[in-house]
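In: Build me a structure from this.
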Amino acid sequence: MTCQPATHGSFSIERVYDASPERVFAAWSDIEIKQRWFIGPEKWTLTRRELNFAPGGIEILHGRFPGGLETLYTARFHDIVINERIVCVYDMHLDHKHHSVSLNTVEIDPVERGTRLVYTEQTAWLDGTSSTDGKVARERGVAVHLDRLRNVLAA
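Out: A predicted model of the protein is given here:
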């Protein structure tokens, strides 16, 4: 059996939120807040969610689309600096197949009108996904989450 060659990509997204660094950080660290913006797309149904927000802790987000496609996000936190930085590695599985492994860094900095957040992700796709297609889809998905975060912070 021959495995698919891994492909690689990276991107960064910057957002400025009208909220304090403490509120932005809490939106990542508090499961009650995070479940309001870090969710699957429309018609996706949650089947399992866990968050142990500590170095070495894990996060799980598992769900299913009406057609049966399952998604499983499992992350392990490696570095957490309260109100400043979060570094984790996460695996994404699609229908029980290992789709990708990503290192992501969230940097949180106070600015004059709130908080600047820089999200950086480096990904290895393991299932034959092209680096171009994978990067475009992943960056678009993360942008949707970060826009939802804006709405939650504004509420």
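In: what's the single longest helix in this structure?
Out: helix 131-154 (DSSP state H).
In: Which positions in that helix come out as buried?
Out: By 16 or more other C-beta atoms under 10 Å, the buried positions in helix 131-154 come out as 134, 135, 138, 139, 142, 146, 149, 150, 152, 153. Yep, even glycine has a C-beta here, placed from its N, CA and C like the rest.
In: can you give me the mean pLDDT across stretch 42-53?
Out: The predicted model assigns stretch 42-53 a mean pLDDT of 96.
In: on that earlier part again, how about residues contacting the longest helix of the chain?
Out: Contact with helix 131-154 is made by 7-11, 13, 15, 17-19, 23-24, 27, 33, 36-39, 41, 100, 102, 117, 119, 121, 123, 125, as judged by C-beta atoms under 8 Å, 6 or more residues apart in numbering.
In: before we move on, the earlier item: now render the buried residues of helix 131-154 as TSV, adding distance to residue 61 and pLDDT.
Out: Converted to TSV, the buried residues of helix 131-154 look like this (distance: C-beta to C-beta, whole Å; pLDDT from 0 to 100):
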residue	distance to residue 61	pLDDT
134	19	89
135	21	91
138	15	95
139	18	96
142	14	97
146	16	98
149	15	98
150	20	97
152	16	97
153	20	97
